[in-house]
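Undergrad: Below are the sequence and a predicted model for it; my questions follow.
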Amino acid sequence: MTARIIDGSAIASEIRAGLKQRVQALVARGVRPGLAAILIGDNPASEVYVRNKTRACAEAGVHSELHRFGAGCPEREVIELISRLNADAAIHGILVQLPLPPQLDAEHILQTVAAGKDVDGFNWSNLGAIVAGHPRLVPCTPLGIMTMLEREGIAVEGRNAVVLGRSVIVGKPMALMLIARGATVTVCNSKTRDLREHTLRADILIAAVGRPGFVDGSMLKSGAVVIDVGINRLPGGKLTGDVDFASASQAASRITPVPGGVGRMTIAMLIANTVTAAERIAAV
Ligand code: NAP
């Protein structure tokens, strides 16, 4: 079997076109959605991610502003800025680009973002809302993956889904969203014994481990749908996923590439969450 590629770039650009219309409707009512990005330190990958996010804002007609801090900035200054942005009527979404320098308590900082402006979906009240089955603002990567599956007409209900990774930003919310859609979900982590026993049962496999080429074709059930979340930079600078694309695409029925897969959807969902947040704030 040779897998069909799920084109994240194409799906994301369709979604962004739809978002432009929602932005225009808001602007007609006197509200331009606004996103504030906070970038701390000089991590080159974070620079690229933030640049791509602000570019996507401009394309959708969303106002964006970038707030920079040096790597050694005190936590108090970041929290003061977030408090100001929480109260700023021109800002509907606030994102704190991760990872943060080690002296900063990321958990504490993220929890100071107002739940209604938490477009990354990392606030505990937004995460808890997913657990309760009443999602509000949902983390962008799993939201992008669910949207991708839906757009591709891939059935989730009744299927075995295996999620590799249990992080708060990808693995855990991903598992909860798959459960909500009726999948039977297994979540694996670094302590999982006999990983292959689990992956071989997956109708849908989501790899979010952070290790290049970790999943190969021999670990897959024939015809599985493979979603590669990993973004790993190889020594030469090339980006690669958590899945060995060449062997996996011989076993899978559908597969996402890296780049051009989940990453594009994540950015589109950030803009979608910002527009949703603006619509909710404007409706009050
Ligand atoms: P993370 O916080 O480092 O979590 C990695 C997870 O993988 C952990 O739960 C870890 O288990 C698990 N793991 C590690 N080794 C494993 C093994 N041998 N078997 C099974 N599970 C194992 O990473 P993350 O933030 O979730 O990100 C994962 C990857 O996705 C990274 O490459 C990241 O760059 C990428 N990413 C991409 C996007 C996108 O838009 N495409 C967005 C976010 C992240 P333990 O919990 O036991 O340590």
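TA: Right, received. Where do you want to start?
Undergrad: what comes up buried for the helix or strand encompassing residue 107?
TA: In the assignment (DSSP states H and E), residue 107 maps to helix 106-111. Within helix 106-111, the residues that count as buried by 16 or more other C-beta atoms under 10 Å are 109-110. From N, CA and C alone the C-beta is placed, and that goes for glycine too.
Undergrad: And the contacts of it?
TA: 75, 78-79, 82, 96, 98-100, 118, 120, 122-124 (C-beta atoms under 8 Å, 6 or more residues apart in numbering).
Undergrad: cool, and stretch 201-216?
TA: Contact with stretch 201-216 is made by 141, 145, 149, 154, 156, 159-165, 167, 170-171, 174, 178, 183, 186, 199, 220-221, 223-230, 232, 234, 240-244, 247-248, as judged by C-beta under 8 Å, 6+ apart.
Undergrad: Give me the distance between the two termini of it.
TA: Taking C-alpha to C-alpha, to the nearest Å, the first and last residues of stretch 201-216 lie 14 Å apart.
Undergrad: what distance separates that stretch from the centre of its chain?
TA: Distance, stretch centre to chain centre, for stretch 201-216: 16 Å (C-alpha atoms, centre = their mean, to the nearest Å).
Undergrad: Tell me which residues of that stretch come out buried.
TA: Within stretch 201-216, the residues that count as buried by 16+ other C-beta under 10 Å are 202-209, 212-216.
Undergrad: swap in stretch 35-47?
TA: Buried, per 16+ other C-beta under 10 Å, within stretch 35-47: 35-41, 43, 46.
Undergrad: gap between it and the chain center?
TA: With C-alpha atoms, centre = their mean, you get 16 Å for stretch 35-47.
Undergrad: Check what contacts that stretch and list those residues.
TA: Contacts to stretch 35-47, defined as C-beta under 8 Å, 6+ apart, come from residues 50, 53-54, 57, 62-71, 73, 78, 81-82, 85, 88, 91-101, 104, 119, 233, 270-271, 274.
Undergrad: Mind checking which of the residues you listed land in strands?
TA: Counting by DSSP state E, the part of those found in strands is 63-69, 93-96, 233.
Undergrad: ranking those residues by neighbours, who comes first?
TA: Neighbour counts for these (other C-beta atoms under 10 Å) peak at residue 93, which has 29 neighbours.
Undergrad: Distance-wise, check that residue relative to residue 121.
TA: Distance, residue 93 to residue 121, by C-beta to C-beta, to the nearest Å: 11 Å.
Undergrad: what does residue 254 give?
TA: In this view, residue 254 and residue 121 are 25 Å apart by C-beta to C-beta.
Undergrad: which of the two has more neighbours?
TA: Just comparing residue 254 and residue 121: by other C-beta under 10 Å the higher neighbour count belongs to residue 121, 25 against 19.
Undergrad: from what I can see that one touches residue 141, true?
TA: No - between residue 121 and residue 141 there is no contact under C-beta atoms under 8 Å: 9.4 Å.
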